[in-house]
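Chemist: Attaching a predicted model along with its sequence, questions to come.
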Amino acid sequence: MTRGRQRRKRRQQATRPPIRQGGEGGLGVWGPKPSRSDLRLIAQAANNDWPVPDAHRPWIVDVAASVIYDDDAPARLTLAAAAALIAMEGANIRAERAALRELGLLPR
């Protein structure tokens, strides 16, 4: 490799943000607060009934609720957090209704 390429590579590595490893606990890739697009993705996952691990659900609710109760959060972020929680509740209701239908307690 030429000296110019070596210098360029060292500069790129020095300015590159560190790679965060999963499983460290805390807020993961979201940092202190999730972005509006993160919350919209959560709402989309809930509306489309994408599988969300049971261990992650309380954590997602806690993060969204912390945004809602934060007085300094922008209005759009607060609305996205509320939409994510509403979508998650809708997914829970749909799952409960499906379970009741399978038990024969609700008409098909």
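Modeler: On my side now, so go ahead. Residues are numbered from 1 along each chain as shown.
Chemist: Quick check: what element follows the lowest-mean-pLDDT helix or strand in the chain along the chain?
Modeler: Within the chain, confidence by mean pLDDT, DSSP states H and E is lowest for helix 3-15 among all helices and strands, at a mean of 75. Later in the chain than helix 3-15, the nearest helix or strand by DSSP states H and E is helix 36-47.
Chemist: For whatever helix or strand comes next after that next one, which helices and strands make contact with it?
Modeler: Using DSSP H and E, the next helix or strand after helix 36-47 towards the C-terminus is helix 57-68. Here helix 57-68 touches helix 36-47, helix 75-102, going by 3 or more Cβ pairs under 8 Å, 6 or more residues apart in numbering; DSSP states H and E. (Each C-beta comes from the backbone N, C-alpha and C, glycine too.)
Chemist: Can you give me the buried ones in the longest one?
Modeler: Along helix 75-102, these residues count as buried under the neighbour rule (16 or more other Cβ atoms under 10 Å): L77, T78, A80, A81, A82, A83, A84, L85, A87, M88, A91.
Chemist: And the first one, by the same measure?
Modeler: Along helix 36-47, the positions that meet the burial threshold by neighbour count (16+ other Cβ under 10 Å) are R36, D38, L39, R40, I42, A43, A45, A46, N47.
Chemist: In space, what's closest to the last one - neighbours in sequence excluded?
Modeler: Right, the one you point to is N47. Using Cβ to Cβ, 6 or more residues apart in numbering and skipping the chain neighbours, the partner closest in space to N47 is A87 (5.0 Å).
Chemist: any idea how far L106 is from the one you found?
Modeler: Computed as Cβ to Cβ, to the nearest Å, the A87 to L106 distance reads 22 Å.
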